[in-house]
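In: compute the structure for the input listed below.
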Amino acid sequence: MDRALYIAMSGAKQNTLGQSAHANNLANVNTTGFRSDYTQSRAMGVFGEHFPTRAYAMTERPASDFRQGPLVETGRRMDVTIEGGGWFAVVGPDGQEAYTRAGDMSVDPAGRLINGNGLQMIGDGGPVVLPEYEKIEISRAGIVSVQPLGETPAAVAEPVQLKLVNPDPQLLEKGEDGLFRFRDPATTQAPADPNITLVNGFIEGSNVNAVKELTDLIALNRQYEMQVKLMKKADENSSATTQILSAQ
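Out: Prediction:
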């Protein structure tokens, strides 16, 4: 009887984990450049100093959806999106290089070029810091040109080339902070790709399919209810068996 109980219990737990993955996707339906996560369930045998006679459910996030999201026109000169494949290199919360599709840029009071998540953009010389400016332009090649404050349009500060990379998506994985890094810890940085081009005045929306995510959430909720009912039935059967044995 305990087999049915524990199988149902593990199934309910994994249904909860699956719901959290889809809920995270749904919560980021309006997040710039967000890549949704795939989920899958499979049977996992229990191995040890015994025969593997039991198998429990396991929910996984095997990969992310790398398909491009919709382009949203903003008209801002500092809003850019990557045309086709590729990534912006940014300084992650851990201080290491990471990759994102969010190109909604601005300059903070310290002169750092950041995106909408507050992450500093990386250029050909490291993290990008700009002088005070009258005007700023970002070309299709990712070159940031600045007209210094108080200078004429002819006076342009040294341009900065944004670091744009395009590693094989199979080598990348998403971290808990939503940024992508290499699966292999030994690889920390990707080389710049000069073939990547940007589209000005647009940002890339999330590639989350809200209808599908909501449908999957409902389905997982129904499965969770089924597992709980199975646990209750297993408990009732166990109680009935105990009563029968006690009566003999």
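
In: for the most centrally placed residue in the chain, give me the pLDDT.
Out: The residue lying closest to the centre of the chain (CA atoms, centre = their mean) is residue 178, at 3.9 Å. Note on residue 178: pLDDT of 92.

In: what's the nearest residue to residue 230 if we skip its chain neighbours?
Out: residue 8 (4.0 Å; CB to CB, 6 or more residues apart in numbering). Glycine gets a C-beta too; all of them are placed from N, C-alpha and C.

In: need the contact list for the one you found.
Out: Counting by CB atoms under 8 Å, 6 or more residues apart in numbering, residue 8 touches 227, 228, 230, 231, 234.

In: return the item of those residues having minimum pLDDT.
Out: Within these, lowest confidence goes to residue 234 (82).

In: distance of it from residue 99?
Out: 47 Å (CB to CB, to the nearest Å).

In: show me which of those two is the more surrounded one.
Out: Taking other CB atoms under 10 Å, residue 234 and residue 99 do not tie; residue 99 has more neighbours (24 against 19).

In: show me the beta-bridge partners of that one.
Out: Bridge pairing for residue 99 (DSSP bridges) gives the partners residue 89, residue 180.

In: ok, residue 58 next?
Out: Assigned bridge partners for residue 58, using DSSP bridges, are residue 42.

In: quick check: it touching residue 14?
Out: Yes - Residue 58 is within contact range of residue 14, at 6.0 Å (criterion: CB atoms under 8 Å).

In: okay, the two: which has more neighbours?
Out: residue 14 (23 against 15).

In: show me what contacts residue 193?
Out: Taking CB under 8 Å, 6+ apart as the test, what residue 193 contacts is 86, 164, 165, 166.

In: over to residue 216?
Out: 18, 22, 39.

In: ditto for residue 123
Out: Shown in contact with residue 123 (CB under 8 Å, 6+ apart): 113, 144, 160, 161, 162, 163.

In: cool, residue 42 as well?
Out: 57, 58, 60.

In: relative to residue 40, how far out is residue 58?
Out: Going from residue 58 to residue 40 by CB to CB gives 9 Å.

In: buried sites along the longest helix seen in the chain?
Out: Criterion DSSP state H: the longest helix present in the chain is helix 210-247. Across helix 210-247, burial judged by 16 or more other CB atoms under 10 Å covers 213, 216, 217, 220, 223, 224, 227, 230, 231, 234.

In: could you dump these to TSV with distance to residue 170?
Out: Conversion of the buried residues of helix 210-247 to TSV gives the following (distance: CB to CB, whole Å):
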residue	distance to residue 170
213	24
216	24
217	28
220	27
223	30
224	32
227	34
230	38
231	39
234	42
